[in-house]
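*Asks:* here are the coordinates; sequence isn't available:
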């Protein structure tokens, strides 16, 4: 079953084909209304279930629009509307949904929910985000970098801040797309050692450098993410702010990178916390191209999963 669960569990050649397809589909729609359907409708008569246990803006809208643009239909379900793991097992839910829909996208908390859903579904399952990884975001990020600066292979990517789920998928992508990655952040928030080891085993360089100024030197791309989640307590928010404040991406830090370095953030951003307004709105920022490319990259993922 061609699931899309994580970048490191998908073949490098398939990933490259998806990125190339995303570039092609975006170019073909240039100047056309975003809501207009594609001339070729590869998802015609297909139904896709979009399950959200976590709130979402970009993931929900981009998947919904992407399916519709390709001629398909969506069924959007929230955790409160389902018995996912509460009264009915994940396995049974997967079996039932597989009788109704052609594909399932899920945005959830625990990776185990995603894995069990994929194990028992007889239709493709897409990882829309878990606490552990966020592969669709990184596919959009790769597309965005390449449309501005060409191939990402051999480039130097610097992640500043918390070694979270988005950082984890960047580590997976480093090995699959062949770029080096530097993590700069407090030791308490280091990325998962398993993911670091996996990237290094693929032959790319992965460094952990505590000094953000030294880390960003020579960077082709600087990336950050929010310091706190919506579910964090006030005390934890304050602790994380204290730990991460030295890793704010500001003009002084971006000045250490290459002159043509790009800045990315998966959004939503807490402006003047992890990134300043001057960087977010500055000439090196491609955050809104990045947000748009969630649509195009995920359309390529959808087509890959259905083989169309």
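*Replies:* Yep, it's here. Computed from a predicted model, the values in this text were never measured in an experiment.
*Asks:* quick check: buried residues in stretch 131-142?
*Replies:* 132-142 (16 or more other C-beta atoms under 10 Å). Yep, even glycine has a C-beta here, placed from its N, CA and C like the rest.
*Asks:* will you turn these into CSV that also has secondary structure and pLDDT?
*Replies:* Below are the buried residues of stretch 131-142 laid out as CSV (DSSP: H, G, I helix; E, B strand; the rest coil; pLDDT from 0 to 100):
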residue, secondary structure, pLDDT
132, coil, 97
133, coil, 98
134, coil, 98
135, helix, 98
136, helix, 98
137, helix, 98
138, helix, 98
139, helix, 98
140, helix, 98
141, helix, 98
142, helix, 98
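*Asks:* and residue 292, how many neighbours?
*Replies:* Here the number of neighbours of residue 292 (other C-beta atoms under 10 Å) works out to 18.
*Asks:* isn't there a strand covering it?
*Replies:* No - the assignment for residue 292 (DSSP: H, G, I helix; E, B strand; the rest coil) gives helix, which keeps it out of a strand.
*Asks:* now residue 113: closest residue in space that isn't a chain neighbour?
*Replies:* Leaving aside its sequence neighbours, residue 113 sits nearest to residue 90 (C-beta to C-beta, 6 or more residues apart in numbering; 5.8 Å).
*Asks:* distance check, the one you found against residue 257.
*Replies:* According to C-beta to C-beta, to the nearest Å, residue 90 and residue 257 sit 43 Å apart.
*Asks:* again, but for residue 176
*Replies:* Residue 176 is 23 Å from residue 257, where distance means C-beta to C-beta.
*Asks:* what of residue 99?
*Replies:* 51 Å.
*Asks:* so how far is residue 106 from residue 215?
*Replies:* 34 Å.
*Asks:* okay, and residue 56 sits in which element?
*Replies:* Here residue 56 sits in a region with no helix or strand, counting by DSSP states H and E.
*Asks:* does residue 97 touch residue 104 like I think?
*Replies:* Yes - in this structure residue 97 lies within contact range of residue 104 using C-beta atoms under 8 Å: 5.9 Å.
*Asks:* joint contacts of those two?
*Replies:* Common neighbours of residue 97 and residue 104 (criterion: C-beta atoms under 8 Å, 6 or more residues apart in numbering): 49, 121, 123.
*Asks:* of the residues you listed, which is the most crowded?
*Replies:* Busiest of the shared contacts of residue 97 and residue 104 [other C-beta under 10 Å] is residue 121, holding 24 neighbours.
*Asks:* distance from the chain centre to stretch 175-193, please.
*Replies:* Here stretch 175-193 is found 15 Å from its chain centre; the criterion is C-alpha atoms, centre = their mean, to the nearest Å.
*Asks:* show me the contacts for residue 200.
*Replies:* Contact partners of residue 200, counting by C-beta under 8 Å, 6+ apart, are residue 206.
*Asks:* quick one, helices of the chain?
*Replies:* Secondary structure of the chain, counting by DSSP state H: helices at 12-28, 58-69, 90-100, 111-120, 135-149, 165-177, 193-201, 212-216, 234-244, 251-254, 277-280, 287-306.
*Asks:* buried set for the last one?
*Replies:* If I follow you right, that is helix 287-306. Buried residues in helix 287-306 (16+ other C-beta under 10 Å): 287, 289-306.
*Asks:* what packs against that helix?
*Replies:* When contacts are defined as 3 or more C-beta pairs under 8 Å, 6 or more residues apart in numbering; DSSP states H and E, helix 287-306 sits against helix 12-28, helix 58-69, strand 103-107, strand 125-129, helix 135-149, strand 262-265.
*Asks:* out of these, which gets nearest to residue 186?
*Replies:* Closest to residue 186 of the helices and strands packed on helix 287-306, according to C-beta to C-beta: strand 262-265, at 18.9 Å.
*Asks:* which helices and strands sit right next to the closest one?
*Replies:* helix 135-149, strand 221-224, helix 277-280, helix 287-306.
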